[in-house]
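Chemist: only geometry, no sequence info:
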């Protein structure tokens, strides 16, 4: 358990930076707090990992 807690505190360099447009910021504020939390959690996971699950819809367009 201690190892897990230690590893979870390690700062991971993001693969990319996310910058929201003003219109996206306004839209996100209209969402339920639970949805906002999940959205930001998914963005953080995508930034810190190289998981194709988060980019499956983009692979054809890149």
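Modeler: Perfect, thanks for sending it. These figures come from a predicted structure and were not determined experimentally.
Chemist: every contact and neighbour count from this point should use C-alpha atoms.
Modeler: Will do.
Chemist: OK, contacts around the closest residue to residue 50 other than its chain neighbours?
Modeler: Among residues not flanking residue 50 along the chain, residue 15 sits closest, at 7.8 Å (CA to CA, 6 or more residues apart in numbering). Residues in contact with residue 15 (CA atoms under 8 Å, 6 or more residues apart in numbering) are 47-50.
Chemist: now residue 29
Modeler: By CA under 8 Å, 6+ apart, the contact set of residue 29 is residue 36.
Chemist: the helix or strand where it lies: which residues count as buried?
Modeler: Assigned by DSSP states H and E, residue 29 belongs to helix 22-30. Residues of helix 22-30 classed as buried: residue 28 (neighbour count, 16 or more other CA atoms under 10 Å).
Chemist: my guess is residue 13 meets residue 48, correct?
Modeler: Yes - using CA atoms under 8 Å, residue 13 makes contact with residue 48 at a distance of 6.6 Å.
Chemist: looking at these two, which is more packed in?
Modeler: Using other CA atoms under 10 Å, the more surrounded residue of residue 13 and residue 48 is residue 48, with 15 against 10.
Chemist: biggest helix in the protein, by residue count?
Modeler: helix 33-48 (DSSP state H).
Chemist: lowest-confidence helix or strand of the chain?
Modeler: helix 2-8 (a mean of 45; mean pLDDT, DSSP states H and E).
Chemist: helix, strand or coil: sort out residue 20 for me.
Modeler: Secondary structure state of residue 20, per DSSP: H, G, I helix; E, B strand; the rest coil, is coil.
Chemist: all further residue positions should be reported with the first residue as 27.
Modeler: Right, with 27 as the first residue, what we last looked at is residue 46.
Chemist: could you list the low-pLDDT ranges of this structure?
Modeler: Applying pLDDT under 70 to the chain flags residues 27-38, 80-81, 83-88.
Chemist: recalculate using a threshold of 80.
Modeler: 27-41, 76-88 (pLDDT under 80).
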